[in-house]
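S.K.: sequence first, then the predicted structure:
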Amino acid sequence: MLYIMRHGKTDWNNARRLQGRTDIPLNEEGRQMAEHARTEYADIHFDICYCSPLIRAKETAEIVLKGRNIPIITDDRLKEMSFGSYEGTANCVTTPGCPIKDLFLDPANYKVPKDGGESFEQLFARTGEFLKEVVKPQLDEGKDVLIVGHGAMNSSIICQVKGIPLSKFWSAGIENCKLKRIL
């Protein structure tokens with residue numbers, strides 16, 4: 001089985017700021033969410049956990065799996081999508097002229113801003129490589145795999161596994177600290 005989980009909440013989540021690769025820790029609400037998830041999903045078997053090296057994902061994985069003998073392995077390919085110089089921007093969907101708006105409202109036509117960031121093609125390439133090189137062999141061995149990551153990164157994995165088109169990218173999203181079985 002393949003499961004995926006998004007990290008717990010951060011202060012930037014609450015402020016509706018783009019986090020991307022900025023390494024923002026969980027806030028107290030996020031830690032409580034992870035503790036609740038630990039209890040809620042205690043009976044679900046995982047052989048291994050892969051997670052983003054960003055602190056909000058790593059701390060979530062550590063809390064959720066506390067007391068269980070499950071290795072947690074970080075991989076840079078599981079970092080959140082980079083939003084370049086727009087990281088930290090609040091309410092980009094409602095900010096007039098913000099080029100990140102299309103990322104959320106019209107993902108199929110999103111263009112990376114001139115001052116940096118990551119394209120969907122780059123995001124899908126790195127997460128697709130991770131799926132092929134790391135996850136598929138584990139699943140072929142009958143292992144139960146948990147991935148703990150981020151909103152856009154998780155959606156890219158779900159879209160690839162389930163064949164969801166880019167135009168429906170955000171339909172694959174999951175709430176903070178909720179577990180989703182995708183295979």
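M.R.: In hand now; what should we look at?
S.K.: just the element for the closest residue to residue 73 other than its chain neighbours, please.
M.R.: Using C-beta to C-beta, 6 or more residues apart in numbering and skipping residues adjacent in sequence, the residue nearest residue 73 is residue 50, 5.3 Å away. Quick note: C-beta positions are derived from backbone N, CA and C, even for glycine. Secondary structure here is read from DSSP states H and E; on that basis residue 50 sits in strand 48-51.
S.K.: what's that strand packed up against?
M.R.: Here strand 48-51 is seen to pack against helix 55-64, strand 72-74, strand 145-149 when contacts are counted using 3 or more C-beta pairs under 8 Å, 6 or more residues apart in numbering; DSSP states H and E.
S.K.: quick check, pLDDT for residue 33.
M.R.: Looking at residue 33, its pLDDT stands at 98.
S.K.: the lowest-mean-pLDDT helix or strand in the chain: how far from the chain's middle?
M.R.: When each helix and strand of the chain is scored by mean pLDDT, DSSP states H and E, helix 101-105 comes last, with a mean of 91. For helix 101-105, the separation from the chain centroid amounts to 17 Å (computed by C-alpha atoms, centre = their mean, to the nearest Å).
S.K.: stretch 37-46 now?
M.R.: 19 Å.
S.K.: buried ones in it, by neighbour count?
M.R.: Neighbour-count burial for stretch 37-46 flags 37-38, 41, 46 (criterion: 16 or more other C-beta atoms under 10 Å).
S.K.: inside helices: which ones of the residues you listed?
M.R.: In this view, the buried residues of stretch 37-46 that belong to helices under DSSP state H are 37-38.
S.K.: could I get the contacting residues of the nearest residue to residue 129 once chain neighbours are set aside?
M.R.: If the residues on either side of it in the chain are set aside, residue 129 comes closest to residue 77, at 6.4 Å by C-beta to C-beta, 6+ apart. Under the criterion of C-beta atoms under 8 Å, 6 or more residues apart in numbering, the contact partners of residue 77 comprise 126-127, 129-130.
S.K.: doesn't residue 77 belong to a helix?
M.R.: Yes - going by DSSP: H, G, I helix; E, B strand; the rest coil, the assignment for residue 77 places it inside a helix.
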